[in-house]
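1. could you work out the structure for the sequence below:
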Amino acid sequence: MFSNRVPSDRRPNAFTSALARAKARGPVVDLTTTNPTSAGFVYPPDLLAPLGDAAGLAYAPAAFGLADARAAVAETYHVRGLEISASHVVLTASTSEAYSLLFKLLCDAGSRVLTPVPSYPLFDHLTALDAVDQGRYQLDSHGNWTVDFHSLDAAWNDRTRCVLAVAPNNPTGSILRDADADELVQRCAGRDAALILDEVFRDYLFSGPLGEAPSLRQPSALTFRLGGLSKTVGLPQIKLGWIAVQGPEHAVADALDRLELICDTYLSVSTPVQLAARRLLDRGAAVRTQIQERIRRNYAALGARLADSSASVLPADGGWSAVIRVPATRPEEALVHDLLERDAVVVHPGYFFDFPSEAFLVVSLLPVPDLFDRGVQLLQDRLNAA
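-> Got it, this is the predicted structure:
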């Protein structure tokens, strides 16, 4: 009686079971945490006060969201040098919901969307739940991560409706450089497909601000940029995301007209968070700055710690994760389980993110420095003992 959109086998995998056993034995050093609210950041105690705005007692539904909230989001793009009209901003309850709305806009059941690998495994569930077919294209590491366009072309078929790109990508931390951005935009424009650009980690670069690729300033393909408070303000529990629409004028107008019907059907974004959006974006800068400092510090410390070891940190541009290449003398899963069982250290194996070969580990850069350094030292000791 149930659909095939939900996996029939939902049993815990071996890693989840091993993690549960490790936690049952005592505290663990978790180098996989992605929850900023539990990572020691100082949030202004009244940061969420705007959610209590009495104006929220009145309900005035708007398919794309309240005008001031949309304008506040548009201003975040203006700071980056992108002129995106507030009328082209669509509010959603989350980035995950934004994907679902766009799949409904662009895809029929069985249509294909192309996603990058390595990347976050959430795409497997998002595509399945909207009954669309997921094709994968490869990211290659040659000092910098680049798009393998041979694999993208091989995955493309006549049912392909959109290409997903994540910049900075999770977990590789790679951005779309000019040449790759140009190629993606040209392929989408020439093949009547849309580009979905997930930029939730765009505020978290390891060095100074990076300029926008020229082809993404005024793209020739219909383009949807995604963002949200979950990362921008470190508030995953305050559900507000957004879609910013760019591209040829006629395509943007048609997309917005169709999106209005979809969004009006659901009206999923709460009024209090829309009323608070501008103040949360402004005052959340204090949290954002702390996260920026933390991820930069931990990324540098990781590289320094492993500089003279058998492991190496892959180059990255930003995000909340780092990828460590370790000697492929044994399966990465065995190393991950060894760290759990012997050292109570939690890291993710590369195969979780569809790395094409052994052996990679993925760690979060969010943990407090003392905990992070301790975990990395234990990891290094385990590698040396192998």
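
2. use CA for all of it now, contacts and neighbours both
-> OK.

3. tell me which stretches of the chain form strands.
-> Along the chain, the segments classed as strands by DSSP state E run 29-30, 89-92, 112-117, 133-142, 144-147, 160-166, 194-198, 223-228, 241-246, 312-313, 321-325, 345-346, 348-349, 360-364.

4. reformat these as CSV; add mean pLDDT and distance to V287.
-> Formatted as CSV, the strands of the chain follow (pLDDT from 0 to 100; distance: least, CA to CA, whole Å):
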stretch, mean pLDDT, distance to V287
strand 29-30, 97, 21
strand 89-92, 98, 22
strand 112-117, 98, 29
strand 133-142, 95, 31
strand 144-147, 94, 29
strand 160-166, 98, 23
strand 194-198, 98, 21
strand 223-228, 98, 14
strand 241-246, 98, 18
strand 312-313, 96, 26
strand 321-325, 97, 18
strand 345-346, 98, 25
strand 348-349, 96, 26
strand 360-364, 97, 17
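
5. CSV for the ones you listed, including distance to A285?
-> Shown next, in CSV, are the strands of the chain (distance: least, CA to CA, whole Å):
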stretch, distance to A285
strand 29-30, 26
strand 89-92, 20
strand 112-117, 30
strand 133-142, 32
strand 144-147, 29
strand 160-166, 23
strand 194-198, 20
strand 223-228, 14
strand 241-246, 17
strand 312-313, 29
strand 321-325, 21
strand 345-346, 30
strand 348-349, 30
strand 360-364, 21
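
6. now these in TSV, with mean neighbour count and distance to P214?
-> As requested, those are exported to TSV (neighbours: other CA atoms under 10 Å; distance: least, CA to CA, whole Å):
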stretch	mean neighbour count	distance to P214
strand 29-30	20	39
strand 89-92	27	21
strand 112-117	24	22
strand 133-142	18	21
strand 144-147	19	17
strand 160-166	23	16
strand 194-198	23	15
strand 223-228	24	14
strand 241-246	25	13
strand 312-313	20	30
strand 321-325	22	27
strand 345-346	25	40
strand 348-349	22	35
strand 360-364	25	31
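
7. so which of those strands is nearest A22?
-> Closest to A22 of the strands of the chain is strand 345-346 (CA to CA; 8.9 Å).

8. is it true that R161 touches S111?
-> Yes - with contacts counted by CA atoms under 8 Å, R161 reaches S111, the gap being 6.6 Å.

9. measure the closest residue to V132 other than its chain neighbours to A167 for me?
-> Among residues not flanking V132 along the chain, G110 sits closest, at 4.7 Å (CA to CA, 6 or more residues apart in numbering). Per CA to CA, to the nearest Å, G110 is found 26 Å from A167.

10. L379 now?
-> Distance, L379 to A167, by CA to CA: 28 Å.

11. next one: L105
-> 22 Å.

12. give the buried residues for the lengthiest helix in the chain.
-> Taking DSSP state H as the criterion, the chain has its longest helix at helix 285-305. Using 16 or more other CA atoms under 10 Å as the test for burial, helix 285-305 gives 287-288, 291-292, 294-296, 298-299, 301-303, 305.
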